[in-house]
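Asks: Below is the sequence, then the predicted model.
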Amino acid sequence: MDLEHKFARFGDGLSVTEDAVIEGYASLFGQADQGSDVVQRGAYRGSLDTLAKAGRRVKMLWQHDPAQPIGVWDEVREDEHGLWVKGRLLESTQKGREAAELIRAGAMDGLSIGYRTKRAVKNDKGQRVLTELELWEVSLVTFPMLPSARVAAKGIEPDVENTWRSIAEVFNDARQELART
């Protein structure tokens, strides 16, 4: 399978700290993106375990360009909400400086994950439910595809109320699906 991309929006009021740290959610579970894909909880677990065992990291790229790394993700993990990332823009690189300035100015507000789908199923809504992904990279991008996923500069909390509402919707949908069987 080819490398695919999923986009997430940083959120309002994003800024970069003095040490260029950004953190937050690159992907939220149970929410359909504009391409009608839904990432299921646990989809990243195997990939993150494999990377950790090999001593490798998820890459931080500029606009998915493998020739333009712009920082490092110091922490990438799944939690009950989604894929959480924390990293540092490397302002010693030209693109790292540009990314930091664009975020500070409010011109850059997106993240996108680069991955390969290992397993997916279609649900009754016609959505592709991604159950296992091989995560390659998380990029800073111009145009987000999943507006409800949030990444923030250090110290800014993601929109927890909308996240919980989305999680409740997923459970409700699952309950309705189980009732049909």
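Replies: Okay, I see it.

Asks: Extract the residue ranges of this protein that are flagged as low pLDDT.
Replies: When residues are selected by pLDDT under 70, those of the chain lie in 1, 6-18, 144-181.

Asks: Helices of that one, start to end?
Replies: 45-54, 94-105, 160-180 (DSSP state H).

Asks: Quick check, central residue of this structure?
Replies: Using C-alpha atoms, centre = their mean, the residue of the chain that lies closest to the mean C-alpha position is residue 26, 1.9 Å off.

Asks: Count the neighbours of residue 55 for me.
Replies: Neighbour count of residue 55, defined by other C-beta atoms under 10 Å: 6. The way it works is simple: take the backbone N, C-alpha and C, and place the C-beta from them, glycine included.

Asks: again, but for the one 3 residues further on
Replies: Counted with other C-beta under 10 Å, the burial measure for residue 58 works out to 24 neighbours.

Asks: My guess is it contacts residue 50. True?
Replies: No - taking C-beta atoms under 8 Å as the definition, residue 58 is not a contact partner of residue 50, at 11.2 Å.

Asks: show me where the chain has strands.
Replies: 4-9, 21-28, 37-39, 59-62, 65-78, 82-89, 110-122, 128-141, 151-153 (DSSP state E).

Asks: Contacts for the fourth one, please.
Replies: Okay, so that is strand 59-62. 66, 68-73, 87, 89, 95, 98-99, 114, 136-140 (C-beta atoms under 8 Å, 6 or more residues apart in numbering).

Asks: Look up how far residue 72 lies from the closest residue to residue 114 other than its chain neighbours.
Replies: Nearest residue to residue 114, sequence neighbours excluded (C-beta to C-beta, 6 or more residues apart in numbering): residue 137, at 4.2 Å. Separation of residue 137 from residue 72 (C-beta to C-beta, to the nearest Å) stands at 11 Å.
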